[in-house]
Structure formats: C-alpha cells, structure tokens
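1. based on what follows, work out the 3D shape:
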Amino acid sequence: RSMARAERSGEERSGADWVAAGTGLPPRYLGPEPSAMSVEQRAVYNEIAGSRTTGVRGPFGPWLAAPAIAQPAQTLGRVCRYETSLSLLESELAILLTAAHHESATEWTIHEAEALRAGMSEPTIAAVRVGARPDGLDPRSAAIHDFASELLCTSGRVADGTYEAARRALGEPGVVELTAIVGYYTLVAYTLNVFRIPAS
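-> Numbering: from 1, shown residues only. Modelled structure (predicted):
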C-alpha cells in the first residue's frame, strides 16, 4: 500500500466506498451566479473558461466568491497542470494520489477521466484508488508515486532517500514542481470537500 493510505487508522475503506461516500451529498456552496458576478469575478471566470479543458467547475465556483484568491489560485493551477516539466500522465498520477489521500470524490472523478485520456492504465488507476502501489511503473513514475505518497502522509517531511530518488529522476526543478502540484491539488481537494462540489 502507498504510505498515503497506509497511515490511516481503523478500518480502511475500499476505493469504491470512499468515492461513493463523497458523491450525492447536497452542495453547500457553488459560488456566485454568473449573472450576479462583479467585474472582477467575471474577468477571472472568463480567464478560467478560456484556459481549462475541464471548464469552470470544481473549486473555481467557491473561489470566485473571493476574486483575490481565485485569480492567483487559478494561475497557479494552470501552471501546475500544463506548464511543468512533468508529462500530463505524470501529473495525473500525482493528482490522483492527492485525491485518494484526501478522499476527494470529485477531484478523483474529474482526474480519473483525465488520467485515462492521458494514457494511464486502468490497473494503475485502480491501485491508486485503494492505496496500493501500482505494478510496472517506469522509473520516473515510481519516483513520483513514492515522493508524492510520502509527502502527503508526512506533511512534507520526506525521507532523504525518497527525496534523492525523486531528484535523480526529475531534477531539482521537477521536485519543486511535483511538490507544488501536490500542494495545489490539496487546496483543490479541501475546497471540493468543504463545499461539497459535485463533479458535474
């Protein structure tokens, strides 16, 4: 099992259970209605709509209530998603690990589909969902898996050996980018979980 899931106390739920448990709850807050948005909110909304394959959904609705948060958050998200040295497939591995750790059903549902489009195998996705280490990872993906898993379950206190393996595989800029991806998608998971944002 990955360290992100292994540290949980008590009975561990299956991947199907935690995803199902996080869906179907009534949303708490979806954000401002487009017709009621301020000029600042509309500007951020339009920027998000023009730069995301997934559209203006997920955490963006609640964030738009506070444009000063929404603007830098969506900019960081765009960079983490599309402008790092990690491939889309590698980024999706880190994102799915983050979603599973935080049991964010919406983050998982959105990025499971993105991971499949990026070429991730169904057995790899199934393993991540239940906290197991996928078989057959290439060296870069293995380093990403182990670093992200340890980062999530230790609040960033990654062991020297894990850090060094990630540094060798990704380079120091890549480790910075991977840390940022996990951190950003943790913020996303918190937002989705707090406000009970559905996947669609």
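
2. what about the closest residue to Gly156 other than its chain neighbours, how many neighbours?
-> Nearest residue to Gly156 in three dimensions, chain neighbours excluded: Thr179, at 7.8 Å (C-beta to C-beta, 6 or more residues apart in numbering). Quick note: C-beta positions are derived from backbone N, CA and C, even for glycine. Thr179: 17 surrounding residues under other C-beta atoms under 10 Å.

3. next one: Thr179 relative to His111, how far apart?
-> 18 Å (C-beta to C-beta, to the nearest Å).

4. sorry, back to before: backbone phi and psi for the residue nearest to Gly156, please?
-> Phi and psi for Thr179, reported as degrees, to the nearest 10, are phi -60, psi -40.

5. tell me how far it lies from Thr98.
-> Thr179 is 11 Å from Thr98, by C-beta to C-beta.

6. burial measure for Ala169, as a count.
-> Counted by other C-beta under 10 Å, the residues lying close to Ala169 total 20.

7. who's in contact with it?
-> Shown in contact with Ala169 (C-beta atoms under 8 Å, 6 or more residues apart in numbering): Pro139, Arg140, Ala142, Ala143, Ile144.

8. 7 Å - rerun?
-> Pro139, Arg140, Ala143 (C-beta atoms under 7 Å, 6 or more residues apart in numbering).

9. list the buried ones in the helix or strand harbouring it?
-> Using DSSP states H and E, Ala169 sits in helix 160-195. For helix 160-195, the neighbour count (16 or more other C-beta atoms under 10 Å) marks 162-163, 165-166, 169-170, 174-175, 177-179, 181-182, 184-189, 191-193, 195 as buried.

10. same question, stretch 151-161
-> By neighbour count with 16+ other C-beta under 10 Å, stretch 151-161 contains the buried residues Leu151, Leu152, Cys153, Val158.

11. filter the residues you listed down to the ones in helices?
-> Leu151, Leu152, Cys153 (DSSP state H).

12. distance of the last one from Ala99?
-> As for Cys153, its distance to Ala99 is 14 Å (criterion: C-beta to C-beta).

13. check Ala159 too.
-> Counting by C-beta to C-beta - Ala159 and Ala99 are separated by 23 Å.

14. if you rank the contacts of Ala169 by neighbours, which is first?
-> Most crowded among these, counting by other C-beta under 10 Å, is Ala143 at 24 neighbours.

15. pLDDT at it, what is it?
-> Listed pLDDT for Ala143 reads 98.

16. not counting sequence-adjacent ones, nearest residue to it?
-> Excluding its sequence neighbours, the residue lying closest to Ala143 (C-beta to C-beta, 6+ apart) is Ala169, at 3.7 Å.
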